[in-house]
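Undergrad: build me a model from this:
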Amino acid sequence: MDAYLKGFRGFDTGKAYQAVKSSLTQNHRNSNWNVYDKYGYYPFDLVNEESVSRTLESVYDDYCAAQFAKALHKQDDFEFFTKRSGYYRNLFDPQTRLMRGKDSKGNWRTPFNFFGLSHASSSGGDYTEGNAWQYTWHVQHDVPGLVQLMGGPDYFTSKLDSLFEMSVKKEQSGFVADVTGLIGQYAHGNEPSHHVAYLYSLAGKPWKTEKLVRQITQTKYQDKINGLCGNDDCGQMSAWLIFSNLGFYPVNPCGGEYVLGAPQVKKATLSLANGKIFTVEAIGLTDANLYVQSVELNGKKYDKKTISHQDIINGGILKFQMGNQPRETQKHN
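TA: Residues are numbered from 1 along each chain as shown. So this is what the prediction gives:
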């Protein structure tokens, strides 16, 4: 889907779309769409393993299918999948402000250990290789909606602060091989966490993203035989580092936008397949100058939180002016 939306062709679009639609509407081994559509989530008493993470992952799949349907002018399918992409709201507990298991009668899982890790193959539970703190942010396609559920940007970023600042611990671990690289309860060694540091930027506090990106790149990647803090599944650990070194990251991989962070190299040049060049420069980047002061795209001031895939494919120069103080501090000077 993402490939099609980014302009890749050379395959049977109709068959590809039908395969996507079938996998999201016809029951198979790991998906009972009758249950999903009846309740708007997977109840833990009917789907007794990974009910929360399976719901959240299905919700994102629905969003992606909706974008594919829209591009192919399939309006009914677009509306159907768009509606289902909002099901994440059904598992958001407003009391704890976390994604929490719910049964078929609408009752929250009790007792609720939001530190408890779970995995279907060994310990059951509502999450896949993670816990409630790690999976609550699994709404890449609708960050504004999640911010609203949290109570607004201040509550949202305060909850993010708690994620990164709370104690590093694992409870009811069962299967924990992939829950590694912890900063608080953020697990950089596991892919579902990789977009989370960039949520600060989308919530209006980019300096927090910039500081975390520096911390993660310096502490979770080392130039040695065991230098990665987690399993490089399909190259995702490496992809995060490459994107973050460039200064942007695809929080929503199917959205066509990259969220701006802070580059970790002074200059990088991308030779694109269309023959064009896209260059990233970090002016004044040093160990101390880790904060972005301003951004320019092709010589013009750039104030957006994201840069589009098309802007990159068009070629050009993205310049970051770096400094040793966050922009928040500057506003109060």
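Undergrad: give me the low-pLDDT residue ranges for the stretch 151-300 of the chain?
TA: By pLDDT under 70, the low-scoring segments of the stretch 151-300 of the chain are 169-177.
Undergrad: same question but for the stretch 1-150 of the chain, I mixed them up
TA: Ranges of the stretch 1-150 of the chain meeting pLDDT under 70: 120-124.
Undergrad: surely Lys208 is in contact with Ser158?
TA: No. Applying C-beta atoms under 8 Å, one finds Lys208 not in contact with Ser158, separated by 11.2 Å. Just so you know, the C-beta spots here come from the backbone N, C-alpha and C atoms, and that holds for glycine as well.
Undergrad: contacts only, for the closest residue to Ala16 other than its chain neighbours.
TA: Among residues not flanking Ala16 along the chain, Tyr4 sits closest, at 7.2 Å (C-beta to C-beta, 6 or more residues apart in numbering). Applying C-beta atoms under 8 Å, 6 or more residues apart in numbering, we find Tyr4 in contact with 13, 16, 68, 71.
Undergrad: for the most centrally placed residue in the chain, give me its contacts.
TA: Nearest to the mean C-alpha position of the chain, by C-alpha atoms, centre = their mean, lies His195 at 3.4 Å. Going by C-beta under 8 Å, 6+ apart, His195 touches 137, 140, 249-252.
Undergrad: swap the cut-off to 7 Å and go again
TA: For His195, the contact set (C-beta atoms under 7 Å, 6 or more residues apart in numbering) comprises 140, 249, 251.
Undergrad: cool, Asn252 as well?
TA: So Asn252 contacts 140-141 (C-beta under 7 Å, 6+ apart).
Undergrad: where does it sit: helix, strand or coil?
TA: coil (DSSP: H, G, I helix; E, B strand; the rest coil).
Undergrad: now it. Its backbone dihedrals?
TA: phi -110, psi 100 (degrees, to the nearest 10).
Undergrad: for Gly181, phi and psi?
TA: Torsion angles, degrees, to the nearest 10, at Gly181: phi 60, psi 40.
Undergrad: that one against Leu228, yeah?
TA: No. Contact criterion C-beta atoms under 7 Å: Gly181 and Leu228 do not qualify, at 8.4 Å.
Undergrad: any idea how far apart the tips of stretch 128-140 sit?
TA: With C-alpha to C-alpha, to the nearest Å applied, stretch 128-140 spans 17 Å between its terminal residues.
Undergrad: again with stretch 113-130
TA: 12 Å.
Undergrad: list the buried ones in stretch 60-80?
TA: By 16 or more other C-beta atoms under 10 Å, the buried positions in stretch 60-80 come out as 60-70, 74, 77-78, 80.
Undergrad: check what pLDDT Lys304 gets.
TA: Lys304 is assigned 97 on the pLDDT scale.
Undergrad: ok, back up a step: out of the contacts of Tyr4, which comes closest to Gln95?
TA: Phe68 (36.1 Å; C-beta to C-beta).
Undergrad: now for Gly181 and Leu228: what residues contact both?
TA: By C-beta under 7 Å, 6+ apart, Gly181 and Leu228 have no common neighbours.
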